[in-house]
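*Asks:* Following is a predicted model, sequence given first.
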2 protein chains.
Amino acid sequence: MSPQRPKVVIVGAGFGGIQAAVALSRAAVDVIVLDRQNHHCFQPLLYQVATAALSPAEIAWPIRHMLRQQRNATVFMAEVKGVDLAGRSVETSAGPMSYDYLVIATGATHSYFGHDDWAKFAPGLKRIEDATRIRRSILLAFERAELAGNDAERQRLLTFVIVGGGATGVEMAGAIAEIARQTLANDFRRIDPRNSRIILIEAGPRVIPTLPEDLSRYAERALTRMGVDVRTSTRVISCDAGGVDVDHGRIDASTIIWAAGVVASPAASWLGAAHDRAGRVLVRPDLSVPDHPEVFVIGDAAAVHESDGEPVPGVAPAAKQMGDYVGRLIAARLAGESLPAFRYRNLGELATIGRRAAVVKLGRVHLKGFIGWLFWSFAHIYFLIGVRNRFIVAFTWLWDYLTFQRGARLITDVPPQRKG
Amino acid sequence: MSPQRPKVVIVGAGFGGIQAAVALSRAAVDVIVLDRQNHHCFQPLLYQVATAALSPAEIAWPIRHMLRQQRNATVFMAEVKGVDLAGRSVETSAGPMSYDYLVIATGATHSYFGHDDWAKFAPGLKRIEDATRIRRSILLAFERAELAGNDAERQRLLTFVIVGGGATGVEMAGAIAEIARQTLANDFRRIDPRNSRIILIEAGPRVIPTLPEDLSRYAERALTRMGVDVRTSTRVISCDAGGVDVDHGRIDASTIIWAAGVVASPAASWLGAAHDRAGRVLVRPDLSVPDHPEVFVIGDAAAVHESDGEPVPGVAPAAKQMGDYVGRLIAARLAGESLPAFRYRNLGELATIGRRAAVVKLGRVHLKGFIGWLFWSFAHIYFLIGVRNRFIVAFTWLWDYLTFQRGARLITDVPPQRKG
């Protein structure tokens, strides 16, 4: 690093952070990418790790390997503790790092709407560790049911509750139904996994409410056909180790998965900036923080609105577009130029439900069923990082499709067992 | 399970336990397989998980899935606490389980020769969790070196000590050398991973002492050519968080891997049976426990000798042969017949060192270099469980061979970070 070149510090190497770094590859700057993990995670397929279809390494890639060819980029694995706006310095676990431009792309985490104590009963799905933890609880539930001493305990162990009917909740519910009805169908002797109850709880009137109504209805029908008990207009009142209380009664369940809400990472408190109810920093039209044109917040950590006032959704393409915009904007400013305000280009929305069933909205085009599922599969393989991962994921999906199997049914790091 | 059929309880689903269950597939018995894990692990490739080449699920397979077609077999994920020989019952985390025949195939774990406190500084490699832990420490060492504040700390972080020059130690040392010299060569900015020190310590005069001398010499030369500092006739005096004391001095190192010794699982104490220094139960020629013809110990948990007095080695083929023998013996006894004493059929020995370098002994045939490496690769793919895993491992090895890469460079479950 030459001392005279401006330093751009990027915090977080998700879709937004990586894209910002790449957009600066030809700029005369030193780019420093900080992340507390060593890997970039392809979050749209995280639910497939949680449901034993893929291995963690197939959807994660070392950040420094992704940026190894970009000679102006340095990657540090370090955790950010705060920002000194006046001193233009980031406080990290590896000491302070000064910046000329700062890009915060730290994403979001699960929100329990003020009930953070539910987290230990109902894990959410944001990181690789969350996915392997959920995989362990799903697979352990079946193992323990095979050993259960009585029917009530067995039924509780074979009940899976997914809270939240957005895309992640729908994908999790569909995948767990496939595990119970297909993958494990012949593997047990005392229990029949096909008798499992999979319950999807959604507070609103329909699943995936961001999709048009016809696709929501199709998703609900497809889930029901797969044996998922879809309960819309149902609210969770509390979660505990034994199950969930909803406004219509009690559900005894050993596995609860939280897909209901997200809250932005603590960027707003680092910056002392104004934020919305979900903790997202209210940024200016160029994604900078008010009064600090050298500091940007992008992706799920930022509250951005389209020209019609609609909020930009918290999806990968939005984060990538913001990262690309901010990278280009910094390069333009250094050249004494400027860019028009950020504009989100909506590429569509899609979610898979299970074998041969997915919903896709591309502008006015609505796809569902087998065609939707093919489109979903190819789109996700296309956007994966690395040729090797694309090949292995494609092979794995084809294999699983033909054999009804899942290759990553691994229980590791088991906590001490109770007596069954 | 019909109550009148004899019950065969098999403890441990490694190579020996699985083979015993399979050998009983046509016998009129109820087979119960107990394991504290849900998966069978292909231990010969565990070092490839520890060195980021393969993902855990590629070398592990659910036990109940392996035995799903065998209708007389039931698999329980439960931990064994002890054996009531008089009452013919196994005490488990899921309650007591009675047996008519008992097969103990619980394997071995690392031995620190009376210094169990070294375990936290120098992890060994027996389970999937060990492998992901070692992978994390190797990859974290490079990440922390990139952030290190001074040369001494940087050098300590880039020093890797492998204790034990048997096959596992040689394979680990070769793989870490490849990571440092090839995989990571261009990924860092402040450090050059090629300056790492990889030190292999062996107490005896040569590496892989079970192989003929010419193959040992070749392995040592190949390791040295790859940049490994091979120190034979060197003893470890103590291990701590900062490094290793050997009889020739001190080595500061952040990563120490233990491949020096194994001790049998506590089968001997469960049975109150006589055992050798490594804790292995001294079994009779039919692998049964003295005075208990209905109880067998096989694999690494048993001390078995060939007719010439040589001990049967602790390798996968030996465990498989013992499992097969005991399964057939139980079936024969139930039919009122008998079998001659167990005889070990030595199929050879092999170890890989790195790209295009391996050593193989098949009777009088000695292979080394590229031919040995090809043989090693095909043999391991052949013995893997499942067509899918064979295909993915073969593809991964070919890809890594062509690109010098490793696809599973994932650091997960990181302990809290110290300030660099």
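*Replies:* Cool, got the structure. Residues are numbered from 1 along each chain as shown, chains lettered A, B, ... in the order given.
*Asks:* Give me the neighbour count for A:Trp373.
*Replies:* By the measure other C-beta atoms under 10 Å in any protein chain shown, the count of residues near A:Trp373 is 22. The C-beta positions use only the backbone N, C-alpha and C, and glycine is treated the same way.
*Asks:* Next: the one 3 residues further on.
*Replies:* The criterion is other C-beta under 10 Å. On that basis, A:Trp376 has 21 neighbouring residues.
*Asks:* Which parts of whatever helix or strand it lives in count as buried, going by neighbours?
*Replies:* Element membership for A:Trp376 (DSSP states H and E) is helix A:369-383. Under the neighbour-count criterion of 16 or more other C-beta atoms under 10 Å in any protein chain shown, helix A:369-383 has A:372-373, A:375-377, A:379-380 buried.
*Asks:* Same check on stretch A:173-186?
*Replies:* Burial within stretch A:173-186, assessed by neighbour count using 16+ other C-beta under 10 Å, is assigned to A:173-184.
*Asks:* Among the residues you listed, name the ones in helices.
*Replies:* A:173-178 (DSSP state H).
*Asks:* Save those as TSV, and put in pLDDT and distance to chain B too.
*Replies:* Below are those laid out as TSV (pLDDT from 0 to 100; distance: C-beta to the nearest C-beta, whole Å):
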residue	pLDDT	distance to chain B
A:Ala173	98	22
A:Gly174	97	21
A:Ala175	97	16
A:Ile176	97	17
A:Ala177	97	19
A:Glu178	96	15
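*Asks:* Could you work out the most separated pair of those?
*Replies:* A:Ala173 and A:Glu178 (9.9 Å; C-beta to C-beta).
*Asks:* which residues does A:Val236 form a beta bridge with?
*Replies:* Counting by DSSP bridges, A:Val236 forms beta bridges with A:Val246.
*Asks:* Next one, pLDDT for it please.
*Replies:* A:Val236 is assigned 96 on the pLDDT scale.
*Asks:* if we can go back for a sec, could you pull up the mean pLDDT of the helix holding A:Trp376?
*Replies:* For helix A:369-383, the per-residue pLDDT averages 93.
*Asks:* Could you do stretch A:346-365 as well?
*Replies:* For stretch A:346-365, the per-residue pLDDT averages 92.
*Asks:* which residue ranges form the strands in the stretch 201-350 of chain A?
*Replies:* A:228-231, A:236-240, A:243-246, A:249-252, A:255-258, A:262-264, A:281-282, A:288-289, A:292-297, A:302-303, A:349-354 (DSSP state E, counting those that start in this stretch).
*Asks:* Could you dump those into TSV with mean neighbour count added?
*Replies:* As requested, these are exported to TSV (neighbours: other C-beta atoms under 10 Å in any protein chain shown):
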stretch	mean neighbour count
strand A:228-231	20
strand A:236-240	17
strand A:243-246	19
strand A:249-252	14
strand A:255-258	26
strand A:262-264	21
strand A:281-282	22
strand A:288-289	22
strand A:292-297	22
strand A:302-303	24
strand A:349-354	24
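*Asks:* Those strands: which one's closest to B:Lys120?
*Replies:* Checking those against B:Lys120 by C-beta to C-beta gives strand A:255-258 as the closest, at 32.4 Å.
*Asks:* Within range of chain B, give me the residues from the stretch 151-300 of chain A.
*Replies:* Proximity of the stretch 151-300 of chain A to chain B, by C-beta under 8 Å from any C-beta of the partner chain, involves residues A:186-190.
*Asks:* Show me the helices in chain A, by range?
*Replies:* Going by DSSP H, chain A shows helices at A:15-23, A:46-50, A:63-66, A:128-146, A:151-157, A:167-178, A:213-225, A:267-271, A:316-334, A:369-383, A:387-403.
*Asks:* export the fifth one as PDB, just CAs?
*Replies:* Extracted as PDB, the C-alpha positions of helix A:151-157 are listed here (Å, rounded to 0.1, in the frame of the first residue of the first chain):
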ATOM      1  CA  ASP A 151     -46.100 -41.300  22.100                       C
ATOM      2  CA  ALA A 152     -46.400 -37.700  23.300                       C
ATOM      3  CA  GLU A 153     -42.600 -37.300  23.400                       C
ATOM      4  CA  ARG A 154     -42.300 -38.900  19.900                       C
ATOM      5  CA  GLN A 155     -44.900 -36.600  18.500                       C
ATOM      6  CA  ARG A 156     -43.300 -33.600  20.000                       C
ATOM      7  CA  LEU A 157     -39.900 -34.600  18.500                       C
END
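*Asks:* pretty sure A:Ser55 is touching B:Glu58, no?
*Replies:* Yes: the criterion here is C-beta atoms under 8 Å, and A:Ser55 meets it with B:Glu58 at 7.2 Å.
*Asks:* Indicate which one of the helices of chain A is closest to A:Ala260.
*Replies:* Of all the helices of chain A, it is helix A:167-178 that lies closest to A:Ala260, at 7.5 Å by C-beta to C-beta.
*Asks:* Residues in contact with that closest one: which ones?
*Replies:* Helix A:167-178 has contacts (C-beta atoms under 8 Å, 6 or more residues apart in numbering or on different chains) with A:47-48, A:50-51, A:53, A:125, A:138, A:160, A:162-163, A:196, A:198, A:200, A:202, A:207-208, A:210, A:219, A:222-223, A:226-228, A:230, A:257, A:259-260, A:349-355, A:357.
*Asks:* Buried only: go through the residues you listed for me.
*Replies:* The buried subset of the contacts of helix A:167-178 - by 16+ other C-beta under 10 Å - is A:47-48, A:50-51, A:53, A:125, A:138, A:160, A:162-163, A:196, A:198, A:200, A:202, A:207-208, A:219, A:222-223, A:226-228, A:230, A:257, A:259-260, A:349-355, A:357.
*Asks:* Can you convert the buried residues of helix A:369-383 into JSON lines and add a column each for distance to B:His40?
*Replies:* As requested, the buried residues of helix A:369-383 are exported to JSON lines (distance: C-beta to C-beta, whole Å):
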{"residue": "A:Gly372", "distance to B:His40": "37"}
{"residue": "A:Trp373", "distance to B:His40": "33"}
{"residue": "A:Phe375", "distance to B:His40": "38"}
{"residue": "A:Trp376", "distance to B:His40": "33"}
{"residue": "A:Ser377", "distance to B:His40": "30"}
{"residue": "A:Ala379", "distance to B:His40": "36"}
{"residue": "A:His380", "distance to B:His40": "31"}
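*Asks:* dump the residue contacts of the residue nearest to A:His39 when sequence neighbours are not counted.
*Replies:* The shortest distance from A:His39 to any non-neighbouring residue, by C-beta to C-beta, 6 or more residues apart in numbering or on different chains, is to A:Ala60 (4.1 Å). Residues counted as contacts of A:Ala60 (C-beta under 8 Å, 6+ apart) are A:39-42, A:128, B:410.
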